[in-house]
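1. Structure of the sequence below:
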Amino acid sequence: MELNHSILELNISQLSELIKTREISPVELTQFYLDRIHQFNHLINAYLTICDEHALAQAKQAENEILHGKWRGLLHGIPYGVKDVIDTKDILTTHGSSFFSKNFPTEDALCIKKLNAAGAIMLGKTLTHEFAAATTTINPHYGTARNPWNMDCITGGSSGGSAAAVAASFCVFTIGTDTGGSVRQPAALCGVVGMKPTHGLISLTGICQNAHTLDHVGVMSKYAQDTFFVTQVIAGYDANDAMSRKLVMLNEHSEWQDNMRGKNIALCPDLYLHSDMQIDVANAFDHVVKIFTDLGANIQTIQFEGAIRLTELFPSISGPEFAQFHRPFYESNPNAYSQAVRERVEWSLKVSADDYVNGLKERELLRRRFRELINKVDAIIAPSLPFTAPLISDLQVTINDKVESCMWLHRPFLNTPNIMGVPGVTVPMGLDHNNLPLSFQITGAELKEKEILEIASSYQRSNSMLLPPLFH
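-> I've put the predicted structure just below:
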């Protein structure tokens, strides 16, 4: 079967059926994506390392297994990319840092082992912000990831290369990490689906630490259901990971139900502190609410009085955890960091033990209150971000005629799922007047990954997928 651009719009189920019935081979599909990467990657720098030989070897193995009736499941023969803070055996894994510029791990991260076992094909390592430490994926050591919708704009971060790779159809899905929005923010700015799951659902073994009680492995793809399929494969308890918990996604094996009729969907502007947002964001989100109403959902507005403190707690907890990992690197060679990341290490080292311990205690009390709130509804929806992708040159956004840096405006919108440890997924909701992606977030209770992805899928069925014109 001769592959063409129409293949780029197929979801995992459709691709898997073509592979299983031998209408296309894993080798053909892998080579198709590798050719696209080599043709276009220099424009957006989504991949730092392209693994042609490794990918084609995996694809040939998958093809041989399928020819002999040994089909492993939906991901068998499906190509994907991996954020470069995730260990891959004998493949360069830089963590976006000069400290690891010659790091070739001796073992795969557990999530990669699980994808190998499922027969998925790893195409390469995607660019990340230095040590996954901020939100632009402007990396002084390895270059800048550029947004496929406008190459003068950022991808977001820190999983910026992963989001760009999905948006530009350089793979079917990617694996990233999310401590304060690092899967969901770039997914939002690049117009793809990005989910971070319940904390502890996916092992962190083989993942470069950022802040261990806030860190998550997450998935990016074009379709909500694809994100669910991949999450199913990489989830599971890991006795070697102190953060891992013996959890199973609720209704994981039940039939896919993306019917919105009777769903209780909440709006909670308290959670993003009633922050101002660009008019295109506000209008698009109003339209999302209307669509869900038309689909039969019950929409209500709820309150959460602890939201301000929830946002304030983030540095109290993330700071010491970030510092604990970075102290030996900083003490050995502080100048090996970029200035911005060095400054983050330095302020992190100054957060007191008292502030950290008190922050952990207060977080647990807030989690109890939040649990009571979110267990009364099926999900909470909100804009993912108050802006669309800013220019790489200045990182500034204009909101209500006020010009400011984009760097930390995401926090009230995206930090809640990290602090509360609950799943959150960002979903494209159209384009702004500059043809840049807009996005909204669906937040659910612990282990409600399938439910929030079904809600996302319901919205996607009502709205055609948009793809960057240059890459399609």
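2. what residue lies at the spatial centre of the chain?
-> Val183 (2.3 Å; Cα atoms, centre = their mean).
3. Report the contact partners of the residue lying closest to that one once chain neighbours are set aside.
-> Across the structure, with Cβ to Cβ, 6 or more residues apart in numbering as the measure, the residue nearest Val183 apart from its sequence neighbours is Gly218 (3.6 Å). (Each C-beta comes from the backbone N, C-alpha and C, glycine too.) The contact partners of Gly218, by Cβ atoms under 8 Å, 6 or more residues apart in numbering, come to 159, 175-178, 183-184, 194-197, 202.
4. Let me know the secondary structure of Gly218.
-> Secondary structure of Gly218, reduced to three states by DSSP: H, G, I helix; E, B strand; the rest coil: strand.
5. Let me know the pLDDT of it.
-> The predicted local distance difference test score for Gly218 is 98.
6. want to throw the contacts of Gly218 into JSON lines with pLDDT?
-> Written out in JSON lines, the entries for the contacts of Gly218 read as follows (pLDDT from 0 to 100):
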{"residue": "Ser159", "pLDDT": "98"}
{"residue": "Ile175", "pLDDT": "98"}
{"residue": "Gly176", "pLDDT": "98"}
{"residue": "Thr177", "pLDDT": "98"}
{"residue": "Asp178", "pLDDT": "98"}
{"residue": "Val183", "pLDDT": "98"}
{"residue": "Arg184", "pLDDT": "98"}
{"residue": "Gly194", "pLDDT": "98"}
{"residue": "Met195", "pLDDT": "98"}
{"residue": "Lys196", "pLDDT": "98"}
{"residue": "Pro197", "pLDDT": "98"}
{"residue": "Ile202", "pLDDT": "98"}
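7. Which of those sits closest to Thr227?
-> Met195 (5.1 Å; Cβ to Cβ).
8. My guess is that closest one contacts Asp226. True?
-> No: with contact defined as Cβ atoms under 8 Å, Met195 does not reach Asp226; the gap is 10.4 Å.
9. Which one of these two is surrounded by more residues?
-> Neighbours per residue, other Cβ atoms under 10 Å: of Met195 and Asp226, the larger number sits with Met195, 31 against 25.
10. hang on, the more buried one is in a strand, isn't it?
-> Yes: for Met195, which was evaluated using three-state DSSP, the result is membership in a strand.
11. Now do the contacts for it.
-> Listed by Cβ under 8 Å, 6+ apart, the contact partners of Met195 are 183-184, 218-220, 227, 231, 423-426, 449, 452-453.
12. Chain neighbours aside, what residue packs nearest to it?
-> Closest residue in space to Met195, ignoring its immediate chain neighbours: Val425 at 3.9 Å, by Cβ to Cβ, 6+ apart.
13. Look up the residues forming beta bridges with the residue nearest to Val183.
-> Gly176 (DSSP bridges).
14. From Gln257, how far off is it?
-> Taking Cβ to Cβ, to the nearest Å as the criterion, Gly218 is separated from Gln257 by 23 Å.
15. ditto for Asp84
-> When distances are taken as Cβ to Cβ, Asp84 and Gln257 turn out to be 36 Å apart.
16. more crowded one of the two?
-> Counted by other Cβ under 10 Å, Asp84 and Gln257 do not tie: Asp84 has more neighbours, with 31 against 14.
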